[in-house]
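Asker: Task: produce atomic coordinates for the following.
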Amino acid sequence: MIDKAKNLIIAFLVILSVSQIGQLWFDSYDINFFHTAKSLARNGNEKVFLTVPSRIISKDREGSYRIRYNSLDTNLGKYNCNLILDELFLSGEYTGKYAASPSSLAACVIYDYALPMDAADFTESYEQNSSEFKKKSSRLSKNVDSFRQIIFVPKVYSEAKPDSIEINVLFVSNSYKTIYEYTVKIKTTINDNLQLYIADNTVSDLVFTAKSMELFLPVISDAGFPYHPIHTENPYMSADRVLTLKSAQKGLNPLFGDAKITQVSPEDSSYRYSNEANVVVKYYRATDVIEYLDYSTVNKITPSTLPLNYAAAIRFLNADATIANDYYLDSCEISDDSYTFYFDYAVMDFPVLIPDSMKKELNLSHMIELTVSNQKVTKYKKIALTFTPDDEIFNNATIQYEDFMNVWGGENPDDVRLAYKYDKEKIKWLVLNWFLLQNGNSYIRPAS
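Answerer: Next comes the predicted model:
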C-alpha cells in the first residue's frame with residue numbers, strides 16, 4: 001500500500017511539473033510540441049509557409065550568436081516571436097528608421113530570410129481570418145517596402161513584474177543597411193519566454209560572431225569543435241542497390257493522387273505510372289538523383305503570387321514520404337510564369353551543401369529544386385538520400401576561420417558556412433567543411 005501511495009504521489013508531481021513548464025513557456029497549454037509544416041497553416045491559410053524563416057539566429061547578453069536550421073516548426077523562440085507578430089500587426093507603432101549595425105543590437109532573436117521579403121507578400125501570408133486583422137494589417141507595408149530580417153528585442157526590467165511590457169521589433173532592409181523600428185506591447189510572460197530561449201545555450205555548442213548584419217562567422221576554439229559525422233541511406237533501394245517497387249510506391253505515390261507506380265524498370269532506372277501519361281519520373285542511378293516532370297497543361301490562375309506558389313511547393317514536399325531530414329529555403333528564381341525554389345538539408349543545425357565540383361555531374365545546385373507555375377509543380381528534382389548522424393563517432397573540427405582566410409587570401413566573402421560537404425561516394429562519411437561563398441562560387445576546405 002505504501003508503494004502504491006508513493007507511485008500515486010510521483011505521478012501527481014510529474015503531471016504538476018508538466019503543467020508548470022507549460023505555463024512557464026507558453027502562458028497556456030494550447031500548443032502541440034510535434035508541429036509539422038502541415039500544421040503551420042492557420043484557419044486553412046497555407047500561405048503562412050512563406051513567413052517561416054530559413055534560419056533563426058539568437059544573440060545572448062555576452063554578444064555570442066547561435067544559429068538554428070533544424071526543427072523550426074517546434075522552435076520555442078519562434079512560437080513566442082509569432083505571438084509578438086500577432087500583436088504588431090494589430091497594435092504595433094512605427095517609431096522610425098536608423099542605420100543597421102550588429103554592434104548596436106541587444107540580446108535578441110533574428111528571423112533570417114533567404115529572399116527579399118516584400119512587406120505586402122508577408123502580410124498576405126501572415127493574414128489571419130479576422131476583420132480586425134484585415135483592417136489593421138497594412139501598418140507594416142505603410143512604412144516598410146521589403147526586408148530580409150525581423151529582429152525581436154525582449155526588454156530587461158528590474159522593477160516588479162508588470163502584466164505587459166513594450167518591446168522593439170526591427171525590420172532590416174534588403175541591403176542590410178537600414179533598420180525600421182516598431183514598438184509593440186505584449187504580455188510580460190512572452191517577453192520572459194524569449195529571454196529564456198536566448199539564454200538557453202544547450203541547443204548548440206557552436207557560437208558565431210557577426211561581421212555584419214548578414215555575415216556570421218563560426219568560432220572554433222583552439223581545442224576544436226567536436227561533432228558527429230553523417231552517413232547516407234537510400235530509401236528507394238534495397239541493400240544491394242536494386243530499385244524496389246515497394247519503396248517507390250511508399251515514397252512517391254502520395255505525390256500523384258490517383259496515379260500509382262505500377263512498375264519499376266531496372267534497365268533504365270525509371271518508374272512507370274498509371275493514369276498519368278503526362279508525368280515522367282526518372283531515377284539516375286549513378287548520382288542518386290530523382291527527377292519529376294509534369295508536362296500537362298498549366299491553367300492560368302489569377303492571382304498567382306509568391307505566397308500562393310510557395311504554399312504549393314511546400315504542400316508537394318510534405319507529400320514526399322521519403323524526405324526524412326529538415327530542409328530550409330536557400331534561394332528562389334522568378335520568371336514571368338514560374339517560381340523555382342532551391343532548398344538544402346540541415347542536420348544538427350549544419351547545412352548539407354553540394355560542392356561546385358559536383359554540380360555539373362548531378363545537374364543540381366542544391367539538394368532540392370522545385371519549379372511551380374500557377375500553383376502547380378511542373379519540375380521536382382532532388383538528391384534521393386537521407387542523412388543520419390552517427391552518435392557513436394566524434395570528429396573534431398580544428399581549422400579556424402582565420403586559418404582558412406590565410407590560405408585562401410582573397411577578398412571579404414559574401415557568406416561563410418560551416419557545413420557538411422556532400423560526397424556521392426557511399427562508403428565515405430560526410431564531414432564538416434568550410435564553405436566560403438564569393439560571387440556565386442564556393443571555396444571549400446576541410447574543417448579538420
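Asker: and the closest residue in space to Ile314 that isn't next to it in sequence, helix, strand or coil?
Answerer: Among residues not flanking Ile314 along the chain, Phe49 sits closest, at 4.5 Å (CB to CB, 6 or more residues apart in numbering). Yep, even glycine has a C-beta here, placed from its N, CA and C like the rest. Using DSSP: H, G, I helix; E, B strand; the rest coil, the structure places Phe49 in helix.
Asker: Now for Phe49, how many residues are close by?
Answerer: 22 (other CB atoms under 10 Å).
Asker: Surely it and Leu317 touch.
Answerer: No - using CB atoms under 8 Å, Phe49 makes no contact with Leu317, being 9.9 Å away.
Asker: Can you show me the helices along the chain?
Answerer: For the chain, the helices defined by DSSP state H occupy 2-26, 76-91, 119-126, 131-136, 188-199, 245-252, 306-319, 356-362, 401-408.
Asker: Lowest average pLDDT across these?
Answerer: Here those differ in mean pLDDT, and the lowest is helix 2-26 at a mean of 42.
Asker: residues touching the closest residue to Asp145 other than its chain neighbours, list them.
Answerer: Leaving aside its sequence neighbours, Asp145 sits nearest to Ala119 (CB to CB, 6+ apart; 6.0 Å). Counting by CB atoms under 8 Å, 6 or more residues apart in numbering, Ala119 makes contact with 140-141, 144-147.
Asker: Name the nearest residue to Asn441, sequence neighbours excluded.
Answerer: Leaving aside its sequence neighbours, Asn441 sits nearest to Asp356 (CB to CB, 6+ apart; 6.2 Å).
Asker: whoops, I mixed them up, Trp408
Answerer: Spatial nearest neighbour of Trp408, excluding adjacent residues (CB to CB, 6+ apart): Tyr443 at 5.8 Å.
Asker: so what's the one you found up against?
Answerer: Tyr443 makes contacts with 408, 410, 435-437, as judged by CB under 8 Å, 6+ apart.
Asker: out of the residues you listed, who's nearest Val169?
Answerer: Leu437 (29.1 Å; CB to CB).
Asker: Burial check on that closest one, number of neighbours?
Answerer: When counting by other CB under 10 Å, one arrives at 15 neighbours for Leu437.
Asker: Would you quantify the distance from the closest residue to Asn193 other than its chain neighbours to Val144?
Answerer: Of all residues not flanking Asn193 in the chain, Asn80 sits nearest, at 4.7 Å (CB to CB, 6+ apart). According to CB to CB, to the nearest Å, Asn80 and Val144 sit 22 Å apart.
Asker: In terms of packing, which of the two has more residues around it?
Answerer: Taking other CB under 10 Å, Asn80 and Val144 do not tie; Asn80 has more neighbours (26 against 21).
Asker: Quick check: the more buried one touching Ile190?
Answerer: Yes - Asn80 is within contact range of Ile190, at 5.2 Å (criterion: CB under 8 Å).
Asker: pLDDT weak spots in the stretch 51-200 of the chain?
Answerer: Along the stretch 51-200 of the chain, the parts satisfying pLDDT under 70 run over 73, 127-137.
Asker: Show me where it has its strands.
Answerer: 55-59, 65-68, 93-99, 108-118, 146-153, 164-172, 178-187 (DSSP state E, counting those that start in this stretch).
Asker: Nice, that's everything, thank you.
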